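Colleague: following is a predicted model, sequence given first.
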Amino acid sequence: MKTKAAVLWGLHEKWQVEEVELDGPKENEVLVRLTASGLCHSDEHLVTGDIPMPFPMVGGHEGAGTVVEAGSEVKHVTEGDSVVLSFLPACGRCSYCARGMQNLCDLGAFLINGPQLDGTYRFHARGQGIGQMCLLGTFSEYTVVPAASVVKVDTGTSLDKAALVGCGVTTGYGSAVRTAEVKAGDTVVVMGIGGIGINAVQGARIAGARNIVAIDPVEFKRTKATEFGATHTVASVAEAGPIVGLLTRGNMADAFIITTDVAEGDYIGPALDMVTKRGKVVVTAVGHPTDMQMSGNLFMLTMMEKQIRGALYGSSNAQHDIPRMLELYNTGQLKLDELITTEYALEDVNQGYEDMRNGVNIRGLIRY
Ligand SMILES: NC(=O)c1ccc[n+]([C@@H]2O[C@H](COP(=O)([O-])OP(=O)(O)OC[C@H]3O[C@@H](n4cnc5c(N)ncnc54)[C@H](O)[C@@H]3O)[C@@H](O)[C@H]2O)c1
Ligand SMILES: [Zn+2]
Ligand SMILES: [Zn+2]
């Protein structure tokens with residue numbers, strides 16, 4: 001079949017919206033008609049090279065839609081089902097899945113390749129195969145994805161809002177609740193209030209944090225952070241230190257979560273300085289792949305048992321956590337509607353990313 005998709009043909013280029021050929025699903029794959037796709041910063045990393053991937057690539061990894069056709073071996077969804085696409089596939093059988101770490105499933109190794117799990121392409125244009133961001137490619141009206149990436153959700157789910165649960169909501173919430181293990185009464189600092197950081201703020205709020213300090217240089221982001229549960233907002237890490245000191249009688253924060261556009265090695269030292277004994281510095285933002293240096297006081301790391309933790313998908317298990325996120329939304333505890341600042345047509349995907357770079361969106365959303 002033919003579908004319209006946004007394709008990136010090379011580093012530092014613009015997304016090209018064009019008609020492409022899409023093959024039907026193989027036995028363990030699912031053809032999905034997308035309702036919406038979020039504009040996550042990770043697709044921007046394809047453009048800048050901070051996530052090294054082969055080109056060409058259909059972008060997008062934060063989407064939800066309806067099953068059009070399920071391959072013959074697919075057991076858990078069928079035509080007409082509402083689904084959220086998980087940006088990480090989970091096989092359910094590898095050692096990591098078996099231990100409840102679906103976000104670290106061995107299938108994750110296939111994410112940086114481009115083609116589907118069997119090594120062949122579903123998208124084709126200009127005489128060649130086109131890869132799919134995170135095996136998904138949600139910047140397309142239709143896509144074919146691995147069954148291992150498909151999470152069934154209740155019929156009647158608002159799939160436009162649910163799209164954001166495929167990456168940003170689950171990653172941000174999980175960074176606070178699962179990776180940082182925020183508990184009632186904790187003091188939490190979130191650095192960078194984009195689509196991920198704002199959900200770390202609401203995750204910390206839902207977990208019962210007593211102080212949530214949001215850091216962002218953009219005033220609009222700080223206003224949004226307050227709406228989502230931040231108790232204090234500042235424009236820089238330097239301003240956060242004294243406030244965290246006052247709020248905690250000098251003990252400092254239980255968690256410092258880094259959700260900036262890019263992670264830099266020199267963010268770690270000030271973050272470590274701002275956490276308490278056994279406090280956690282969580283790195284959710286993606287760093288430059290060639291960066292080998294991090295700052296920080298090693299003596300205090302040991303003496304105060306401080307911890308630095310990477311967070312992939314907020315340490316979440318998609319098959320369990322995506323439906324839970326939607327239940328938190330249905331019961332009024334998790335905000336989704338307020339995450340969407342601007343909606344775009346697929347043709348305007350480049351405008352959406354320009355708006356993200358200019359700091360005017362919490363999340364941009366492509367609606368099909
Ligand atoms: N680990 C994962 O599983 C995972 C999943 C999705 C996204 N990510 C990554 O998370 C990061 C954030 O993504 P996003 O979509 O929220 O991006 P975004 O562009 O929407 O938000 C980034 C925010 O950081 C702010 N910022 C930049 N420099 C700052 C600084 N020095 N101090 C404070 N704030 C600063 C910006 O003003 C912006 O509001 C990206 O690196 C993305 O690739 C990681
Ligand atoms: Zn993402
Ligand atoms: Zn697995």
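Modeller: Nice, thanks for sending it over. In this text the structure is predicted, and so the values were computed from the model without any measurement. Ligands and ions are numbered 1, 2, ... in the order given.

Colleague: residues touching the residue in the chain that ligand 1 sits nearest to, list them.
Modeller: Among all residues of the chain, residue 194 sits closest to ligand 1, at 1.8 Å; criterion: CB to the nearest ligand atom. Every C-beta, even on glycine, is put in place using the N, C-alpha and C of the backbone. Neighbour list for residue 194: 41, 221, 259, 261, 356, 362-363 [criterion: CB atoms under 8 Å, 6 or more residues apart in numbering].

Colleague: with residue 218 instead?
Modeller: 193, 359.

Colleague: state the pLDDT value of it.
Modeller: Confidence at residue 218, expressed as pLDDT, is 98.

Colleague: any idea how far it lies from ligand 3?
Modeller: Separation of residue 218 from ligand 3 (CB to the ion, to the nearest Å): 38 Å.

Colleague: what's the neighbour count on the residue in the stretch 51-200 of the chain that ligand 2 sits nearest to?
Modeller: Residue of the stretch 51-200 of the chain nearest ligand 2, by CB to the ion: residue 167 (3.3 Å). Neighbour count for residue 167, taken as other CB atoms under 10 Å: 32.

Colleague: what does residue 78 give?
Modeller: Counted with other CB under 10 Å, residues neighbouring residue 78 total 12.

Colleague: do the one 3 residues further on as well
Modeller: For residue 81, the neighbour count with other CB under 10 Å is 18.

Colleague: excluding its backbone neighbours, what's nearest it?
Modeller: residue 67 (4.5 Å; CB to CB, 6 or more residues apart in numbering).

Colleague: in space, what's closest to the residue of the stretch 51-200 of the chain closest to ligand 2 - neighbours in sequence excluded?
Modeller: Closest to residue 167 by CB to CB, 6+ apart is residue 62, at 3.9 Å.

Colleague: ditto for residue 328
Modeller: residue 334 (3.7 Å).

Colleague: how far away is that neighbour from ligand 2?
Modeller: 17 Å.

Colleague: quick one: residues contacting that residue.
Modeller: Counted by CB under 8 Å, 6+ apart, residue 334 has contacts 169, 173, 202, 206, 325, 328.

Colleague: for the helix or strand harbouring residue 243, packing partners?
Modeller: Residue 243 belongs to helix 237-247 when elements are defined using DSSP states H and E. Packing contacts for helix 237-247, counted by 3 or more CB pairs under 8 Å, 6 or more residues apart in numbering; DSSP states H and E, involve strand 187-191, strand 211-215, strand 232-234, helix 268-273.
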